[in-house]
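> After the sequence you'll find the predicted model.
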Amino acid sequence: MSIPQSGGGPIEHHSQLAEYLADGCKPLEDWRIGTEHEKFGYCKDNQKPIPYAGERSILSVLEGLRDVHGWAPVLEEGNLIGLEKDGANVSLEPGGQLELSGAPLQTIHETCDEVNVHLREVKDIADKVGVGFIGLGAAPEWSHEDMPLMPKGRYKLMDAYMQKVGTMGRSMMRRTCTVQVNLDFSSEADMVKKFRVALALQPVATALFANSPFFDRAPNGHKSWRARVWRDLDSDRTGMLPFVFEDGMGFERYVDYALDVPMYFVYRDGKYINALGQSFRDFLKGALPALPGEMPTLSDWADHLTTIFPEARIKKFMEMRGADGGPWRRLCALPAFWTGIMYDQSSLDAAWDMVKDWNTAQREALRIAASEDALQAKVDGIDMHALARQVLDISEAGLKARARSGADGMIPDETHFLNALRESVESGQVPADELLERYYGAWQGNLSQIYGEFSY
């Protein structure tokens, strides 16, 4: 989840809200790739989730990264809650999941190097304090009560609110992990096309990266329980955003949507002020009950945009949000998958041609089916396995066209980062299928085996 944003000064005109988004437009040569991934920490001796503080804790890992690997601390009310270095940051999700928000980089080669360095650094510290980290879409065994809430004001407010607006918000906060990529757009028209493709194809990413078939110590009937959780979180701020596919879509239309999303908080002087359920529209009038008479800033607007959680969203860039956390190969595969589609015009056009005739009901049905059946999903004659193969071909073509070499020119392009996904398409099996096969086979129903075999 996001740290407080630095969006700018006072909002004096409504037009500034859309202008804030439009300021993200960049020429192609300035497009970058920002990868984020979350992972669960646990004590190696008892396989319990690690608390915030103590000898074996998130705090001890953050302190080790700070002291040994040169990360700068990020504090909130005296608590170490994050780290910064070289344009990247390490932060805490509500249940103690450790997140790397990577720097904006030019190639997947650089992104994967960044991921690998981060995982090596984390393992170095984790081994010293007796903890481990594992990449899964949902915590397989731990209960809500097992997962400590991190000492961040934002999370305390969200935790209380989530119980009022859905059934699974608190599960999302404490017991899920994702991998996502942030990409750029060049213009409003480019944003709209990318946004439509991103939303329509998010179920394909959900299927290919499905990696959460267990919850509460047993199979849950879904290949991606994380995706199931997001469907019952808060209907005001989640979903597939049908309006994005309507005529008139643009920055201003997204502003209208965002203004209708109830607020969580206002950040002032290092503290989160409770604005739960209040309206940013009232804030623009100086009539926010939490801060009567005070007008918002662009930083407040930037913060508000981070509290909106659809399957894809825009800020000054676009976030692809549909994939489960997973093993290290897939942490590089996710940005490669979307970069190939979005950063080559021919591939983007081909992807849009594939999805442009789908209707709202089909897109939503694909979202549901992907979480349940992954590559075995079928909706209105759309076969997810065949669709994933086609989309992967489009992505691969886009990466070939980009021709961004690595290893001092020894690797001609970025296509090899798709190998893990190509293996899934060829076999029809995604990570969740492998986990279930082991659960019913070699593990004989003993989920404790998952930590030794699938940790980083």
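Good, I have the coordinates.
> switch to C-alpha atoms for all contacts and neighbour counts from now on
Noted.
> Now do the contacts for Lys48.
42, 142, 146 (CA atoms under 8 Å, 6 or more residues apart in numbering).
> With adjacent residues omitted, what lies nearest to the first one?
Once its chain neighbours are removed from consideration, Tyr42 has its nearest residue in Pro49; the separation is 4.2 Å (CA to CA, 6 or more residues apart in numbering).
> Can you report how many residues neighbour that neighbour?
27 (other CA atoms under 10 Å).
> what's the answer for Leu28, then?
Residues near Leu28, counting by other CA under 10 Å: 12.
> Give me the nearest residue to it, chain neighbours excluded.
Ser186 (6.5 Å).
> Quick check: that neighbour touching Glu29?
No - here Ser186 lies out of contact with Glu29, judged by CA atoms under 8 Å, at a distance of 9.8 Å.
> Between these two, which has more neighbouring residues?
Ser186 (18 against 8).
> Helix, strand, or coil at that one?
Assigned by DSSP: H, G, I helix; E, B strand; the rest coil, the conformation of Ser186 is coil.
> With Ile273 instead?
Per three-state DSSP, Ile273 ends up strand.
> who are the neighbours in contact with it?
Residues near Ile273 by CA under 8 Å, 6+ apart: 265-267, 290.
> show me where the stretch 251-400 of the chain has helices.
Per DSSP state H, counting those that start in this stretch, the stretch 251-400 of the chain carries helices over the ranges 251-260, 280-284, 298-305, 328-342, 345-355, 360-373, 384-402.
> ok, and which of the ones you listed has the densest surroundings?
The highest average neighbour count among the helices of the stretch 251-400 of the chain, using mean count of other CA atoms under 10 Å, belongs to helix 328-342 at a mean of 25.
> List the contacts of that helix.
So helix 328-342 is in contact with 33-35, 37, 108, 111-112, 115-116, 135, 179-181, 183, 194, 205, 209, 320, 323, 325, 347-348, 351, 392, 394-399, 402, 414-415, 417-421, 456, going by CA under 8 Å, 6+ apart.
> Only whichever of these are buried, select them in PyMOL.
Applying 16 or more other CA atoms under 10 Å to the contacts of helix 328-342, the buried members can be selected in PyMOL as follows:
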select buried, resi 33+34+35+37+108+111+112+115+116+135+179+180+181+183+194+205+209+320+323+325+347+348+351+392+394+395+396+397+398+399+402+414+415+417+418+420+421+456
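> Please flag which of the contacts of helix 328-342 sit within strands.
33-35, 37, 179-181, 183, 320, 323 (DSSP state E).
> Let me have those residues in a markdown table, extended by pLDDT and distance to Ala88.
Below are the ones in strands among the contacts of helix 328-342 laid out as a markdown table (pLDDT from 0 to 100; distance: CA to CA, whole Å):
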| residue | pLDDT | distance to Ala88 |
| --- | --- | --- |
| Ile33 | 98 | 12 |
| Gly34 | 98 | 9 |
| Thr35 | 98 | 10 |
| His37 | 98 | 12 |
| Val179 | 98 | 15 |
| Gln180 | 98 | 14 |
| Val181 | 98 | 13 |
| Leu183 | 98 | 15 |
| Met320 | 98 | 18 |
| Ala323 | 98 | 21 |
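> got the angle between the one helix or strand Ala200 maps to and strand 178-183?
In the assignment (DSSP states H and E), Ala200 maps to helix 188-208. Orientation of helix 188-208 against strand 178-183 (axes from the mean of the first three to the mean of the last three CA atoms, to 10 degrees) gives an angle of 160 degrees.
> So which bits of helix 188-208 are buried?
So for helix 188-208, counting by 16+ other CA under 10 Å, buried means 188, 190-208.
> partner strands of whichever helix or strand comes after it, parallel or antiparallel?
Sequence-wise, the next helix or strand downstream of helix 188-208 (DSSP H and E) is strand 214-215. Paired strands of strand 214-215, with direction, are strand 218-219 (antiparallel) (DSSP bridges).
> Quick one: mean pLDDT for the helix or strand following the strand it pairs with?
As assigned by DSSP H and E, the chain's next helix or strand after strand 218-219 is helix 225-230. Average pLDDT, helix 225-230: 98.
> follow-up on the earlier one: just among the contacts of Lys48, which is most surrounded?
Going by other CA under 10 Å, Tyr42 tops those with 25 neighbours.
> List the beta-bridge partners for it.
Pro49, Gly132.
> Just to check, it is in contact with Ile50?
Yes - counting by CA under 8 Å, Tyr42 does reach Ile50; the two are 5.0 Å apart.
> Overlap of the contact sets of the two?
Shared contacts of Tyr42 and Ile50, defined by CA under 8 Å, 6+ apart, are found at Val131.
> what stretches of the stretch 51-200 of the chain score poorly on pLDDT?
Counting by pLDDT under 70, the stretch 51-200 of the chain shows no low-confidence range.
> hey, where'd the helices end up in it?
Assigned by DSSP H, counting those that start in this stretch, the stretch 51-200 of the chain shows helices spanning 58-69, 108-129, 153-165, 169-175, 188-208.
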